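Student: output the structure for:
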Amino acid sequence: MDPVTLRTPRLTLRPPALDDVDAIQAACQDAAIQRYVPVPVPYSRDDAVSYVTGFCADGWASGERLTWAVVEGDGLVGTVGLHAIADGAAEIGYWLAPGARGRGIMRESAAAVVDHGFDASAGLGLARIGWRAYAGNAGSAAVARALGFRFEGIARLGALGRDGREDDWLAGLLATDDRTPRPWPVLV
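Tutor: All right, here's what the predicted structure looks like:
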């Protein structure tokens with residue numbers, strides 16, 4: 001699949017590039033990213049290079065996994081992507097560097113990716129986008145909820161974390177859903 005650049009009023013979303021390696025490596029030193037995102041620990045510069053030139057590039061080439069660098073000004077502040085793209089569905093995932101949190105950046109960038117995913121003419125024409133995160137990842141859950149994702153439940157011991165099996169929170173959004181945020185029982 002040809003790479004796609006998305007724009008919001010204050011952000012550019014484009015495929016990660018080698019110029020992003022230092023920012024990716026720095027962000028992936030964050031304890032929250034290491035807790036909730038399956039990245040190597042410790043996270044080296046070589047890991048960031050492999051992420052950009054392998055994981056991200058291969059995903060765009062196959063069309064099965066599309067990852068965007070979230071760029072504010074001239075610098076990468078996070079990534080957002082659609083993965084497991086097949087049969088009209090995908091899953092969304094994202095991370096944001098600590099200094100960029102709390103300003104609506106991920107909500108804005110993830111909304112652009114969701115819009116692209118559901119767009120039948122210029123995007124992917126998906127029917128469903130799923131979301132999952134290790135139980136306790138309230139920041140990620142708050143973004144998904146704000147985008148209108150519906151909480152669907154808890155997959156008990158449904159994820160393999162760094163320290164063994166743990167619960168996963170699950171949510172989904174359909175192309176036909178009203179995106180008005182609704183309460184989630186895990187975010188009380």
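Student: Ala138 - nearest residue in space that isn't next to it in sequence?
Tutor: Leu187 (6.4 Å; Cβ to Cβ, 6 or more residues apart in numbering). For the C-beta atoms, the positions are set from N, CA and C on the backbone; glycine is no exception.
Student: likewise Leu66?
Tutor: Leu82 (5.0 Å).
Student: over to Ala57?
Tutor: Closest to Ala57 by Cβ to Cβ, 6+ apart is Pro15, at 7.6 Å.
Student: can you pull the phi and psi angles for that neighbour?
Tutor: Note on Pro15: its backbone torsions stand at phi -60, psi 140 [degrees, to the nearest 10].
Student: next one: the one 4 residues further on
Tutor: Here the main-chain torsion angles of Asp19 (degrees, to the nearest 10) amount to phi -60, psi -20.
Student: if I look at it, how far off is Ser50?
Tutor: Distance of Asp19 to Ser50, given as Cβ to Cβ, to the nearest Å: 16 Å.
Student: what does Leu18 give?
Tutor: 11 Å.
Student: the two: which is more packed in?
Tutor: Ser50 (14 against 10; other Cβ atoms under 10 Å).
Student: can you give me the helices for the protein?
Tutor: Using DSSP state H, the helices of the chain run over 21-27, 31-36, 45-50, 57-62, 105-118, 138-146.
Student: please name whichever of those is nearest to Arg7.
Tutor: Of all those, it is helix 105-118 that lies closest to Arg7, at 7.7 Å by Cβ to Cβ.
Student: list the buried residues for the closest one?
Tutor: Within helix 105-118, the residues that count as buried by 16 or more other Cβ atoms under 10 Å are 105-106, 108-114, 116-118.
Student: ok, now stretch 45-52?
Tutor: In stretch 45-52, counting by 16+ other Cβ under 10 Å, buried: 47-48, 51-52.
Student: what's around the residue lying closest to Thr67 once chain neighbours are set aside, how many residues?
Tutor: Once flanking residues are discounted, Thr67 sits nearest to Gly81: 3.7 Å by Cβ to Cβ, 6+ apart. Close neighbours of Gly81, defined as other Cβ under 10 Å, add up to 25.
Student: so Ala90 bridges to which residues?
Tutor: Ile129 (DSSP bridges).
Student: any idea how many residues pack against it?
Tutor: 24.
Student: and the strands in the chain, which stretches?
Tutor: Remark: strands assigned in the chain by DSSP state E are 6-7, 11-14, 65-72, 75-86, 89-96, 128-134, 150-161, 164-174.
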